[in-house]
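Asks: can you look at this prediction? I've put the sequence above it.
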Amino acid sequence: MTGNHQALALLLFSAFVAVTLGITTWVSRNRHGSEEEFYVGGRLFSPMENGFAIAGDYMSAASFLGVTGLIALFGYDGLLYVVGFLVAWLVVLFLVAELVRNCGRFTLADVVAARMSERPVRIAAGTSSVTVSVLYLVAQMVGAGSLVSLLLGNTGEAARSWAVIGVGALMVIYVSMGGMRATTWIQIVKAVLLLAGTIALTVLVLVRFHGDFDQLLRTAAERSGHGGAFLAPGLKYGGDWTARFDFMSLGLALVLGTAGLPHILSRFYTVPTAQAARRSVVWSIGLIGGFYLMTIVLGFGAAAIVGPEAVRGSNAAGNTAVPLLALDLGGGTDSTGGAVLFAVVGAIAFATILAVVAGITLASSASVAHDLYASLRRRQAKPRSEVAVARVSAAGVGVVAIALGLLARDLNVAFLVGLAFAVAASANLPVLMYSLFWRGFTTRGAVWAVYGGLLPALALVVLSPVVSGSPDSLFPAVDFQYFPLENPGLVSIPLGFVAGWLGTVTSAEVADEAKHAETEVRSLTGAGAA
Amino acid sequence: MQSSNGRVRVDGDGSDSGAPTPHAHEHHQGHGQAYAEVPGDVRYEDPWYDALASGWGESAIMNTPASEVPAARRRETATGSDAAAQIYLEVQRSAAFQEVRGRYRRFVMPAAAGFFVWYVAYVVTATTAPGLMARPVAGAVNVALLAGLGQFLSTFLLTWAYARHARLRRDRAALELRWDTQELTREAKGGAS
């Protein structure tokens, strides 16, 4: 990469940082820092704004860099991710968005705790929310690292580490200074930038093939060296049965995980009513669906134009396929067009990471302050101090994410996101579904549902080939791999549901009928909604 | 003013027929579109007018008999949070709420089961029968690509269908229930203090 590339990319990225910091300062002027303000931006966003912000929260570096990379390397098997990411939104739309908006105030735990003995439920749901958020953050941090090493050339580990640390520092600043209002506007700006960039690249790819999608597919298949197999499932997940079950596990996690992601759930509280929440989801499904359709074109485009070999040469996991594609589409390495497009795409990808990271950090700091801190130290805490705790915990979450991000830097971003989805689907979804739809659900059932999904999911990841026992794992030197699948969802999601059921039927407590009536009436009508 | 449509009602609710209240405004905003598509069980053309002119109780969105409605107003003995809890139980048992819940479930359950089965079938087929998925259809496009695009299409269609169903079949009734429930809760709390 030439110096011009880097200078331009850094310039554009600095502009984005400056704008977002400006937004943060602007929206946080004259704010009194109430919980309502900090966690949910005063609940005053419009459905369209929130729809863009949800899309901004969801269209992460994992999709933009990771999934396109997987498509470029493995063809159709990468596309399977995209389908799962999108179909998941039907779960959110049908079963979660409106009901959660009506029942809760700031976090997932609010919905569950309304029916149950508050303290244990809050601690459980808070713990799992923070865990999911941190896993998701790690994925974004890894994306930031691989992007920077591409943008700045392979200048070594130091640049990469500093990029991860820089992203972490910026996200803490956004969140603790601007709260939800600043975070939302950053998401919106980022969503617009990302969509504009994706549209531009897609148009360029299609122009290159004279609008002939068929030709694009043929060229991609040819260039990949796999021929027709590139366009059919099986290259990545088609080997032995372990790989196939791994894929089913991933598919299940993707489609059920979205509804349990804390940073997505918290977005529904930023609009005034359940109808507004529904309309935001409709907006976001439109935006996200369009975006993923374009990433398919970009992925196959990268395979056809850049070629899997070049992609793999730049980053073994494929995370840099899109920037390389941009370089080629602009006219090649030595052209001005190539340099500009490359820099623009790099800056957009970086902006994407920053925005997503800010959204997750906010959600996890809300879980720490509103659920964990408030339950553990309720007596001394005043409302004002809860926001202060949230600001501090944003910094804490940032430090943890930076450390893990540095550790996991060689894993594929989309794969890491798959893990976060699996944990979310195992720990958060069962308890949420049971609280909303099961009359007899009890406190013990809720606590068991959370831990019964969370602990197996985490344990299975630790025992999986991702962590040890294979040359690509985190600790290749040791071998404590006892679970064959990389993604735990296939086992841990059913376990979460079973644990919740088991806890409920074995508990002596009888479910409070009035509380259930309250949850049901509130969830469907919006009576008493915050 | 007893409701004729199965909603939970309170006598002497002053805000019923008055000037546009903030709530009435919200009501309008929430339902301000697509009245041309209102299904057959809604009799009037302009609910915004009706909401003001005829009071909340008479918007005949649900034609359930009045006899099924529990007498929500006979709660003089209950007080405080007990009363509030009682209100939610009463609302939950009211025919109007049962209808809203039924409409929600009758749409969501089959639709959710449908797309989930369709998605799982897609994933399982992709992993267990790659030969079938690789069968060419037209040019480089094969069954797998069509199935993938079919998932996109079904997602968009179901999103549209759900939003339309909720807007036309649930929103108004839910909003009225919300209003009634909050009125009852406010009264109960007022009575206790």
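Replies: In hand now; what should we look at?
Asks: how about the strands in chain B?
Replies: In chain B, the segments counted as strands under DSSP state E are B:136-138, B:141-142.
Asks: which one of the ones you listed lies nearest to chain A?
Replies: Nearest to chain A, of all those, is strand B:141-142, at 5.8 Å by C-beta to the nearest C-beta. C-beta: built from backbone N, CA, C; applies to glycine.
Asks: adjacent strands (with direction) for that closest one?
Replies: Partner strands for strand B:141-142, per DSSP bridges, with pairing direction: strand B:136-138 (antiparallel).
Asks: residue A:241 and chain B, how far apart?
Replies: To chain B, residue A:241 is 9 Å away according to C-beta to the nearest C-beta, to the nearest Å.
Asks: list the buried residues in stretch A:212-225.
Replies: A:213, A:216-221, A:223-224 (16 or more other C-beta atoms under 10 Å in any protein chain shown).
Asks: what does that stretch rub up against?
Replies: A:75, A:205-206, A:209, A:227-231, A:297, A:300-301, A:303-304, A:307-308, B:138-141, B:145 (C-beta atoms under 8 Å, 6 or more residues apart in numbering or on different chains).
Asks: those residues in strands, which ones?
Replies: Filtering the contacts of stretch A:212-225 for strands - DSSP E - leaves B:138, B:141.
Asks: could you flag which of the contacts of stretch A:212-225 are buried?
Replies: For the contacts of stretch A:212-225, buried by 16+ other C-beta under 10 Å: A:75, A:205-206, A:209, A:229-231, A:297, A:300-301, A:303-304, A:307-308, B:140, B:145.
Asks: now the strands of chain B in a markdown table, with mean pLDDT?
Replies: Below are these laid out as a markdown table (pLDDT from 0 to 100):
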| stretch | mean pLDDT |
| --- | --- |
| strand B:136-138 | 83 |
| strand B:141-142 | 86 |
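Asks: and the ones you listed as JSON lines, adding distance to residue A:251?
Replies: As requested, these are exported to JSON lines (distance: least, C-beta to C-beta, whole Å):
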{"stretch": "strand B:136-138", "distance to residue A:251": "23"}
{"stretch": "strand B:141-142", "distance to residue A:251": "19"}
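Asks: closest to residue A:84 out of those strands?
Replies: strand B:141-142 (19.5 Å; C-beta to C-beta).
Asks: and the longest helix along chain B, what does it pack onto?
Replies: Longest helix of chain B, by residue count under DSSP state H: helix B:95-128. Contact here means 3 or more C-beta pairs under 8 Å, 6 or more residues apart in numbering or on different chains; DSSP states H and E; on that basis helix B:95-128 packs against helix A:76-91, helix A:241-257, helix A:513-525, helix B:130-133, helix B:143-165, helix B:171-192.
Asks: next, residue A:9: secondary structure please.
Replies: helix (DSSP: H, G, I helix; E, B strand; the rest coil).
Asks: I figured it hits residue A:347, correct?
Replies: Yes - counting by C-beta atoms under 8 Å, residue A:9 sits close enough to residue A:347 to count as a contact (5.7 Å).
Asks: show me which of these two is the more surrounded one.
Replies: residue A:9 (27 against 24; other C-beta atoms under 10 Å in any protein chain shown).
Asks: now do the contacts for the more buried one.
Replies: Counting by C-beta under 8 Å, 6+ apart, residue A:9 has contacts A:151, A:342-343, A:346-347.
Asks: let's have those residues in JSON lines, adding distance to chain B and secondary structure.
Replies: Formatted as JSON lines, the contacts of residue A:9 follow (distance: C-beta to the nearest C-beta, whole Å; DSSP: H, G, I helix; E, B strand; the rest coil):
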{"residue": "A:151", "distance to chain B": "32", "secondary structure": "helix"}
{"residue": "A:342", "distance to chain B": "29", "secondary structure": "helix"}
{"residue": "A:343", "distance to chain B": "31", "secondary structure": "helix"}
{"residue": "A:346", "distance to chain B": "28", "secondary structure": "helix"}
{"residue": "A:347", "distance to chain B": "29", "secondary structure": "helix"}
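Asks: between which two of the residues you listed is the distance greatest?
Replies: Across those (C-beta to C-beta), the longest gap, 9.7 Å, separates A:342 and A:347.
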